[in-house]
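*Asks:* Sharing a model prediction with you, sequence too.
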Amino acid sequence: MTASAALLNASANASTTHDDRLRASTDRSGYVPSTLPDGVIYAETADDVVNTMKLASAHQVPVVPRGAGTGLAAGAAAKAGEVVLDMSRMTRILHLDPVEQIAVVEPGVLNAAVNAAAAAHGLFYAPDPASTAICSIGGNIATNAGGMLCAKYGVTRESVLALRVVLPDGRMLRTGRETIKGVTGYDLNALMIGSEGTLGVVVEATLRLRPRPIQTATVAVYFPDVAAAARAASAIIAARVQPSVLELMDGPTLEAVDAAQGTNHRARGGAFLLAQTDGYGAALEQDVLIEAIQPFASSYEKAADTEHADALVATRREAIPALERMGRVSICDIGVPRNRLADVFAGLEDICRHTGVRIFNVAHAADGNLHPMIVVDPDESITEGPAKAALAEMFYLAKRLGGTLTGEHGVGLLKRDWLQDELGDISLELQRSIRNVFDPLGILNPGKAI
Ligand SMILES: Cc1cc2nc3c(=O)[nH]c(=O)nc-3n(C[C@H](O)[C@H](O)[C@H](O)COP(=O)(O)OP(=O)(O)OC[C@H]3O[C@@H](n4cnc5c(N)ncnc54)[C@H](O)[C@@H]3O)c2cc1C
């Protein structure tokens with residue numbers, strides 16, 4: 001019997017069907033694996049995870065933790081010889097304290113479900129990936145996910161107070177604390193967040209909730225082209241106004257969304273900024289924001305009511321699904337200093353011209369985090385050929401502008417080629433040593449992240 005068969009046989013909720021192995025072999029990155037994992041274990045309790053990792057250690061079986069499989073870096077991809085540990089059945093919200101403003105949840109719960117539970121108490125959970133309805137809190141923690149509201153409220157790391165994590169050898173580790181402040185010891189909580197399933201399996205998270213803003217003001221702004229929109233976004237930052245949402249979409253992306261949704265954004269401009277301000281000063285801040293963008297904009301439209309604002313937000317959330325209707329999508333995730341937005345869009349146009357690949361752009365403009373998306377034919381690869389070459393060029397473009405390889409999606413399997421260029425030898429060596437301390441046998445999500 002193989003080592004993985006021994007692990008799968010000993011697990012109550014294991015599956016080796018072709019369909020389950022196929023589903024668990026990749027995520028939404030467009031990566032197509034050449035083999036399938038040996039099986040899938042569906043964890044229902046923290047004890048299931050402890051037992052799985054103890055056995056995996058004993059038999060030295062590589063294990064790939066998996067949340068909802070919406071990742072965009074192939075971080076949850078798995079191949080022959082590996083067993084997937086699927087966390088999507090652990091969906092309970094164990095405790096929600098509206099006075100202390102915390103929620104204790106299992107990792108498989110969807111991001112949107114946490115927000116729905118918080119909303120009932122006038123609270124919200126700030127990190128809001130565009131995939132909120134389909135991604136899990138465990139996956140958000142493992143990727144340190146961002147989203148639209150991160151412009152004002154920070155990324156996942158700013159909203160996770162404590163974790164329970166099963167280490168590769170099956171020991172249970174507690175990180176962080178339930179207090180807002182606390183500096184005892186090294187910050188293992190922060191280390192765990194964004195570690196892409198390579199240091200431990202998250203089985204419980206204590207999340208920080210926040211009071212829902214008393215009001216939100218939304219405006220949609222249209223520009224002749226993406227360069228003008230980028231300059232307007234930089235002008236908003238320079239005006240020292242703090243939008244809670246500042247999302248940019250270029251003309252080709254607007255066309256794709258219009259085709260998917262029956263809207264007419266592209267007819268109104270060659271680029272679009274969705275800006276929200278919130279809190280007691282929402283309307284005042286919106287005035288400052290509109291003044292800052294006036295020199296660049298062709299037109300703007302304030303949302304008349306919540307329904308209108310929600311429709312505009314949905315326009316942005318629909319960008320990736322709209323492009324997925326056109327072919328295989330490879331999503332880049334570069335970050336640049338916010339005053340270099342116009343430069344990065346000019347560089348992207350250049351890459352588009354000389355590589356011949358189709359690039360569509362959305363950006364969390366207030367964070368300087370861009371998602372240039374390459375769309376290829378459904379049977380074309382994103383891990384070699386022109387798509388891969390364009391991805392490499394985008395990274396080097398970001399680097400030249402003082403930026404980074406990934407703002408929020410993680411390195412996963414797809415971006416490891418460029419790690420050393422960004423981190424340098426000393427940092428990479430230290431990070432590999434840290435990984436080795438947690439996982440000396442190298443059985444947790446091998447070949448990913450670092
Ligand atoms: C339409 C669309 C829009 C998106 N928008 C955004 C966005 O705005 N911002 C953003 O940041 N991302 C976005 N994403 C990417 C994706 O949704 C996020 O990366 C999300 O955090 C992944 O969560 P998941 O549950 O799907 O994780 P998976 O894809 O299942 O896994 C992702 C990583 O987490 C690890 N992992 C999962 N669960 C655990 C656990 N319990 N313990 C340890 N490791 C674990 C996996 O091993 C893997 O490395 C988008 C994706 C799509 C498809």
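*Replies:* Great, that's in hand. Just so it is clear, the model here is predicted, and its values are computed rather than measured.

*Asks:* What is the end-to-end distance of stretch 70-85?
*Replies:* End-to-end span of stretch 70-85 (Cα to Cα, to the nearest Å): 15 Å.

*Asks:* my bad, stretch 141-152
*Replies:* Start-to-end, stretch 141-152 (Cα to Cα) is 19 Å.

*Asks:* Also stretch 32-52?
*Replies:* 27 Å.

*Asks:* same thing with stretch 172-189?
*Replies:* Note: stretch 172-189 ends 14 Å apart using Cα to Cα.

*Asks:* can you list the residues of this protein near the ligand?
*Replies:* Residues of the chain lying near the ligand by Cβ under 6 Å from any ligand atom: 27-28, 64-72, 75-76, 87, 107, 129-131, 135-136, 138-140, 142-143, 145-147, 196-197, 201-202, 320-321, 408-409, 445, 448. Every C-beta, even on glycine, is put in place using the N, C-alpha and C of the backbone.

*Asks:* What does the pLDDT read for the residue in the stretch 351-450 of the chain that the ligand sits nearest to?
*Replies:* Relative to the ligand, the nearest point of the stretch 351-450 of the chain is Glu408 (3.6 Å; Cβ to the nearest ligand atom). As predicted, Glu408 sits at a pLDDT of 95.

*Asks:* That one and Ala24: what is the separation?
*Replies:* For Glu408, the distance to Ala24 (Cβ to Cβ, to the nearest Å) stands at 23 Å.

*Asks:* repeat for Thr406
*Replies:* Thr406 sits 23 Å away from Ala24, taking Cβ to Cβ as the criterion.

*Asks:* Give the closest residue to the residue of the stretch 351-450 of the chain closest to the ligand in space, chain neighbours not counted.
*Replies:* Excluding its sequence neighbours, the residue lying closest to Glu408 (Cβ to Cβ, 6 or more residues apart in numbering) is Gly146, at 3.6 Å.

*Asks:* same thing with Asn189?
*Replies:* Distance criterion Cβ to Cβ, 6+ apart; nearest residue to Asn189, sequence neighbours excluded, is Gly176 at 3.4 Å.

*Asks:* residues contacting that neighbour?
*Replies:* By Cβ atoms under 8 Å, 6 or more residues apart in numbering, Gly176 lies in contact with Val160, Leu161, Ala162, Leu163, Gly182, Leu188, Asn189, Thr206.

*Asks:* and if you look at Ala118?
*Replies:* So Ala118 contacts Leu96, Ala103, Phe124, Tyr125, Leu209 (Cβ under 8 Å, 6+ apart).

*Asks:* What lies in contact with the host helix or strand of the first one?
*Replies:* Translated: Leu96. According to DSSP states H and E, Leu96 maps onto strand 93-97. The list of residues contacting strand 93-97 from outside it, by Cβ under 8 Å, 6+ apart, reads 102-106, 109, 113-114, 117-118, 121, 204, 209.

*Asks:* pLDDT of that strand, averaged?
*Replies:* In the prediction, strand 93-97 has an average pLDDT of 98.

*Asks:* what comes up buried for the next helix or strand after that strand?
*Replies:* Next helix or strand after strand 93-97 toward the C-terminus (DSSP H and E): strand 102-105. Using 16 or more other Cβ atoms under 10 Å as the burial criterion, the residues of strand 102-105 that qualify are Ile102, Ala103, Val104, Val105.

*Asks:* Neighbours of Arg268, how many?
*Replies:* When neighbours are defined as other Cβ atoms under 10 Å, Arg268 has 15 of them.

*Asks:* swap in Val437?
*Replies:* Using other Cβ under 10 Å: Val437 sits among 8 other residues.

*Asks:* Let me see the confidence value for it.
*Replies:* Looking at Val437, the pLDDT reads 98.

*Asks:* got it, and Asp379?
*Replies:* pLDDT at Asp379 comes out at 88.

*Asks:* Assumed it was part of a strand.
*Replies:* No - per DSSP: H, G, I helix; E, B strand; the rest coil, Asp379 lies outside any strand segment and is coil.

*Asks:* Distance of it relative to Ser29?
*Replies:* On the measure of Cβ to Cβ, Asp379 and Ser29 end up 16 Å apart.

*Asks:* between the two, which one's more packed in?
*Replies:* Shown here are Asp379 and Ser29; by other Cβ under 10 Å, Ser29 has more neighbours (25 against 8).

*Asks:* Am I right that that one sits in a strand?
*Replies:* No - assigned with three-state DSSP, Ser29 falls outside any strand and is coil.

*Asks:* quick one: contacts for it?
*Replies:* Gly71, Leu72, Ala73, Ala74, Ala77, Ser330, Ile331, Ile382, Gly412, Leu414 are the contacts of Ser29 under Cβ under 8 Å, 6+ apart.

*Asks:* Return the closest of these with respect to the ligand.
*Replies:* For the contacts of Ser29, the nearest to the ligand is Gly71 (2.8 Å; Cβ to the nearest ligand atom).

*Asks:* For stretch 386-406, buried residues please.
*Replies:* Buried-residue list, stretch 386-406, by 16+ other Cβ under 10 Å: 387-388, 390-395, 397-399, 401, 403-406.

*Asks:* Output the buried residues of strand 102-105 as JSON lines; include the columns pLDDT.
*Replies:* Listed next are the buried residues of strand 102-105 as JSON lines, based on pLDDT from 0 to 100:
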{"residue": "Ile102", "pLDDT": "97"}
{"residue": "Ala103", "pLDDT": "98"}
{"residue": "Val104", "pLDDT": "98"}
{"residue": "Val105", "pLDDT": "98"}
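
*Asks:* From those residues, pick the one nearest the ligand.
*Replies:* So of the buried residues of strand 102-105, ranked by how close each gets to the ligand (Cβ to the nearest ligand atom), first place is Val105, at 11.0 Å.

*Asks:* Tell me what that closest one is bridged to.
*Replies:* Assessed by DSSP bridges, Val105 has beta-bridge partners Ile93, Ala205.

*Asks:* What are the contacting residues of stretch 330-337?
*Replies:* 29-30, 72-73, 320, 343-344, 367-374, 376, 382, 387, 391, 394-395, 397-398, 401-409.

*Asks:* run the last query once more with 6 Å
*Replies:* 30, 72, 344, 368-374, 382, 387, 391, 394, 398, 401-404, 406-407, 409 (Cβ atoms under 6 Å, 6 or more residues apart in numbering).

*Asks:* Sounds good, over and out.
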